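J.: Just the structure for this:
(chains A and B)
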2 protein chains.
Amino acid sequence: MTAQPLIAESFLETARARVDAALDKRIEAGGQASDRLQEAMRYSVLGGGKRIRPALCLAAARAVGQDSERALVPACTLELIHAYSLIHDDLPAMDNDELRRGRPTAHIAFDEATAILAGDALQTLAFGWLTEAPDLTDATRLAMVRELAAASGHRGMVGGQAIDLASVGKKLSIGELENMHRHKTGALIEASVRIGALTAESLSDQHFTALSDYARALGLAFQVQDDLLDIEGDTSVIGKPQGSDLARGKPTFPALLGNNGAREFLSQLLKTALDHLADFGPEADPLRAMADYVVARSH
Amino acid sequence: MTAQPLIAESFLETARARVDAALDKRIEAGGQASDRLQEAMRYSVLGGGKRIRPALCLAAARAVGQDSERALVPACTLELIHAYSLIHDDLPAMDNDELRRGRPTAHIAFDEATAILAGDALQTLAFGWLTEAPDLTDATRLAMVRELAAASGHRGMVGGQAIDLASVGKKLSIGELENMHRHKTGALIEASVRIGALTAESLSDQHFTALSDYARALGLAFQVQDDLLDIEGDTSVIGKPQGSDLARGKPTFPALLGNNGAREFLSQLLKTALDHLADFGPEADPLRAMADYVVARSH
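T.: Numbering: from 1, shown residues only, chains lettered A, B, ... in the order given. Predicted coordinates for the structure are as follows:
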């Protein structure tokens, strides 16, 4: 039932190339006195990145029988939100990270004020792009705006980041840790799949729910693997100092469950994610491949 | 043709009370671990403020013959964007202001990380609220999202803030100064009027353009008066240290035109704004009153 890693790599690679090209074309290279701002926006969005969220969006569109072309702009908006959140998370007042994807973070490469504004403007741009996403009805575009706002605001990603900041040095239960990650990274991953599914414009509630459930399990799996990589990964591959979460006293799944326990949890989550795709045929193979990739990735 | 200051004060006061009540009701008082974030959001939005943008939105809805009830939620979203921009502008890396509306700024009252996140979440909330604004079609809601995104992103408000940061200590021409302010404050003021006008759902292009032109002149007038208040105002009334722009070497209209020249420019802008309302009857009196208020305000 699960796809070969080869399919995953190839789907992700194609998705990444399409998303990178669309982002590069759509974020203008500046024009006037706010050149530096636009440079910082481009630097942050176009500086590599796995493009997992847009790829999930494209894969979900495929799963509901949609030509993924109409999902391309919505897919890009998920990357804009992700990029903005990374810029702000890296700021001195937050995680104070100087390295991201193996390059200086935005506030190091530019300056702090420009980094804050670039993050702000990338968030705005995501909503703006959704209003003009081609080949969709206004009702669908609006539903996508609603999904994106719900997933990225104080009840989603930003709320999760606030919980994270409040949790440093604290002992969390496994339930509290899950809750934090369901907000911090899970909500946007779930929105990626749901927004991809919305391209169908008419989809049974049952299928929409199944895809959401797939995404919820996958979002958590993503975080567990992230925690494991922080312990076991190689700095040059993961693009940030290995062990940095541990050094900050951030609560992690391996810290609570042990490394083997965390790996076992990861396998369970992968199985749960794939089980939710049981009603789908080969059209969901890219989603299956993405699940395999998320669990097996080395960075 | 111009309304009495009394009408302005009374319209603004009523608008402010309605907007304050709606904001207070709609921004939840928190629920779980991200309580502190939601507290910071409420602190920043509900801490007073003249509510000029929402009042302009309500006044524009009135001018196009709409019950202003359906403009109330859209009006509130303009205040959310304004509040988010103030939080971020006040940050140490930006203007480093400790006082806003006579109270400690968000990063002083809370902390810098919480202030950044509260600003981020307020921006998201604005787009989320537009998707659920009552009594409007999806097409209109989407058009409002488009207006708000265009006005507040890198080609609007945030772009203007970037130009502003790049201009400190520089000598700008009057055209460059106008361009900066058309982005930094003008775009959102114009969007306030345009979003209010969109509640009509069918409005002649001519009327829509006239209202936009009114707003463009008014937005600039607002800034000229702001600059004059920075020189002539009283710290306890304007809620921030008097002379702070001057002390920072920020370019201002009085610095370029002299105080009398700036006052003359202000009168011209008021006249231009009111002239653009010539085709409207008494239904535009609140807009006329708002123009008078903006020019005559003492804070």
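J.: quick one: average confidence on stretch A:26-46?
T.: For stretch A:26-46, mean pLDDT rounds to 81.
J.: What would it look like as PDB? C-alpha coordinates only.
T.: Extracted in PDB, the C-alpha atoms of stretch A:26-46 (Å, rounded to 0.1, in the frame of the first residue of the first chain):
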ATOM      1  CA  ARG A  26       5.700  35.900  -8.600                       C
ATOM      2  CA  ILE A  27       7.700  37.700  -5.900                       C
ATOM      3  CA  GLU A  28       8.900  40.700  -7.800                       C
ATOM      4  CA  ALA A  29      12.600  41.600  -7.600                       C
ATOM      5  CA  GLY A  30      11.700  45.100  -6.300                       C
ATOM      6  CA  GLY A  31      11.300  48.400  -8.000                       C
ATOM      7  CA  GLN A  32      11.700  51.400  -5.800                       C
ATOM      8  CA  ALA A  33      12.800  52.500  -2.400                       C
ATOM      9  CA  SER A  34      11.600  49.400  -0.600                       C
ATOM     10  CA  ASP A  35      14.000  47.300  -2.700                       C
ATOM     11  CA  ARG A  36      15.800  46.000   0.400                       C
ATOM     12  CA  LEU A  37      12.500  44.700   1.800                       C
ATOM     13  CA  GLN A  38      11.700  42.800  -1.400                       C
ATOM     14  CA  GLU A  39      15.200  41.500  -1.500                       C
ATOM     15  CA  ALA A  40      14.800  40.200   2.000                       C
ATOM     16  CA  MET A  41      11.500  38.600   1.100                       C
ATOM     17  CA  ARG A  42      13.000  36.800  -1.900                       C
ATOM     18  CA  TYR A  43      16.100  35.800   0.100                       C
ATOM     19  CA  SER A  44      13.900  34.100   2.700                       C
ATOM     20  CA  VAL A  45      11.400  32.400   0.400                       C
ATOM     21  CA  LEU A  46      13.800  31.400  -2.400                       C
END
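J.: quick one: contacts of that stretch?
T.: Under the criterion Cβ atoms under 8 Å, 6 or more residues apart in numbering or on different chains, residues A:20, A:23-24, A:73, A:76, A:79-80, A:83-84, A:86-87, A:106, A:109-110, A:114-115, A:117-119, A:121-122, A:125, A:129, B:154, B:158-160, B:162-163, B:166-167, B:176, B:179-180, B:183 lie in contact with stretch A:26-46. The C-beta positions use only the backbone N, C-alpha and C, and glycine is treated the same way.
J.: List the ones among those residues that fall in helices.
T.: Mapping the contacts of stretch A:26-46 onto helices (DSSP state H) picks out A:20, A:23-24, A:73, A:76, A:79-80, A:83-84, A:86-87, A:106, A:109, A:114-115, A:117-119, A:121-122, A:125, A:129, B:158-160, B:162-163, B:166-167, B:176, B:179-180.
J.: Which residues are in contact with A:Thr114?
T.: With Cβ under 8 Å, 6+ apart, A:Thr114 has these contacts: A:36-37, A:40, A:106-107, B:162, B:165.
J.: Report the buried members of the ones in helices among the contacts of stretch A:26-46.
T.: A:20, A:23, A:73, A:76, A:79-80, A:83-84, A:86-87, A:106, A:109, A:114-115, A:117-119, A:121-122, A:125, A:129, B:158-160, B:162-163, B:166-167, B:176, B:179-180 (16 or more other Cβ atoms under 10 Å in any protein chain shown).
J.: In space, what's closest to A:Met41 - neighbours in sequence excluded?
T.: Nearest non-adjacent residue to A:Met41, counting by Cβ to Cβ, 6 or more residues apart in numbering or on different chains: A:Ala118, 4.8 Å away.
J.: which helix is the longest one in chain A?
T.: Taking DSSP H as the criterion, chain A has its longest helix at helix A:205-232.
J.: roughly how far out does that helix sit from the chain middle?
T.: Centroid separation for helix A:205-232 versus its chain: 10 Å, with Cα atoms, centre = their mean, to the nearest Å.
J.: That one: which residues count as buried?
T.: Quick answer for helix A:205-232 (16+ other Cβ under 10 Å): A:208, A:210-231.
J.: For A:Asp67, grab the count of nearby residues.
T.: Residues near A:Asp67, counting by other Cβ atoms under 10 Å in any protein chain shown, number 11.
J.: can you pull the contacts of it?
T.: Residues near A:Asp67 by Cβ under 8 Å, 6+ apart: A:Ala61.
J.: Please state the backbone phi and psi of it?
T.: When quoted as degrees, to the nearest 10, the phi and psi of A:Asp67 stand at phi -50, psi 130.
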